[in-house]
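Colleague: Need a 3D model of the following:
(one chain, ligands or ions: 2)
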Amino acid sequence: MKFACQCGAVAGVIDKATPAEGDHVVCHCTDCRDLVRHFGKEASILDAYDGTALYQSRCARMHIHSGKENLAGLHMTDGPTLRWYAKCCDTPMFNTYKNARIPYVTTLLANCDDAGRKALGEPIGHLFLDDVDADTSDLTPMSMNRLLRRFFPRMLKDIVSGDRRRCELFDATTFEPIAEPALLSAAEKEALGRAWN
Ligand SMILES: [Zn+2]
Ligand SMILES: [Zn+2]
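Modeller: Ligands and ions are numbered 1, 2, ... in the order given. Below is the predicted model:
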């Protein structure tokens, strides 16, 4: 499955992107939504229920062919989820753990090619539907626990095989991000109406 930021400078592929090799989900959590709002990309990324379509897969399957120097990291909160975006055009692109110790790459499918997305099939479920105000009774809910149970065997493979050290977004030796992440500032939080956290 091919991916590219909106201006095309950052581009690459996710290898073996199939329903069996990763998880196609839609996340409706406030952080995913606000990440997209922060970059003003609601129209191109969010669905009708403010959801973000995602594919979570093994960390070494993601290959960047160009524009890697444009990737930057952002923490929405002081939690461990690290958001990666293309600073050339403010496109949110990937989510990971804060370092390579817990290995996964979650790719925003809005940046992926139609054929690649089609190969993933329908999403297996929708995360954090409680965060949605609208009626979501026609969507299939999915719990974070179920996603974690599906992720666990892939994590073990990445640790045992050493693939954890072969993620494009982290240093192979230190496990630290290739670019120093920023934390959403108080002013940026306020702009999103998040002054309470
Ligand atoms: Zn770009
Ligand atoms: Zn989310």
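Colleague: Only C-alpha atoms from now on, for both contacts and neighbour counts.
Modeller: Fine.
Colleague: Now stretch 181-197: buried residues?
Modeller: By neighbour count on 16 or more other CA atoms under 10 Å, the buried set for stretch 181-197 is 184, 189.
Colleague: Quick one: distance of it to the chain centre.
Modeller: 19 Å (CA atoms, centre = their mean, to the nearest Å).
Colleague: Residue numbers of the chain in contact with ligand 1?
Modeller: When proximity is defined as CA under 5 Å from the ion, the chain approaches ligand 1 at 5, 7, 9, 88-89.
Colleague: Scan these and report the most crowded one.
Modeller: Of all the residues of the chain next to ligand 1, the highest neighbour tally under other CA atoms under 10 Å goes to residue 5, namely 24 neighbours.
Colleague: how close does that one sit to ligand 2?
Modeller: 19 Å (CA to the ion, to the nearest Å).
Colleague: what's near enough to touch that residue?
Modeller: Applying CA atoms under 8 Å, 6 or more residues apart in numbering, we find residue 5 in contact with 11, 86, 89, 91-93, 111.
Colleague: Quick check: it vs residue 53, distance?
Modeller: The spacing between residue 5 and residue 53, counted by CA to CA, to the nearest Å, is 15 Å.
Colleague: now swap in residue 6 and tell me
Modeller: Separation of residue 6 from residue 53 (CA to CA) stands at 16 Å.
Colleague: quick one: which of these two has more around it?
Modeller: Applying other CA under 10 Å to residue 6 and residue 53 shows that residue 53 carries more neighbours, namely 23 against 19.
Colleague: SS state for the more buried one?
Modeller: Put simply, residue 53 is strand when judged by DSSP: H, G, I helix; E, B strand; the rest coil.
Colleague: so what's it bridging to?
Modeller: Beta bridges link residue 53 to residue 26 when assigned by DSSP bridges.
Colleague: Just to check, it is in contact with residue 109?
Modeller: Yes: with contact defined as CA atoms under 8 Å, residue 53 counts as touching residue 109 (5.5 Å).
Colleague: Show me where this protein dips below the pLDDT cut-off.
Modeller: For the chain, residues meeting the criterion pLDDT under 70 lie at 195-197.
Colleague: can you give me the strands in it?
Modeller: Ranges of strands in the chain, per DSSP state E, are 2-4, 11-14, 22-27, 52-57, 62-66, 71-75, 81-86, 91-97, 105-108, 125-127, 141-142, 182-183.
Colleague: now for the third one, which elements pack on it?
Modeller: It refers to strand 22-27. Counting contacts by 3 or more CA pairs under 8 Å, 6 or more residues apart in numbering; DSSP states H and E, strand 22-27 packs against strand 52-57, strand 125-127, helix 144-161.
Colleague: ok, now how distant is residue 72 from residue 160?
Modeller: Relative to residue 160, residue 72 is positioned 28 Å away (CA to CA).
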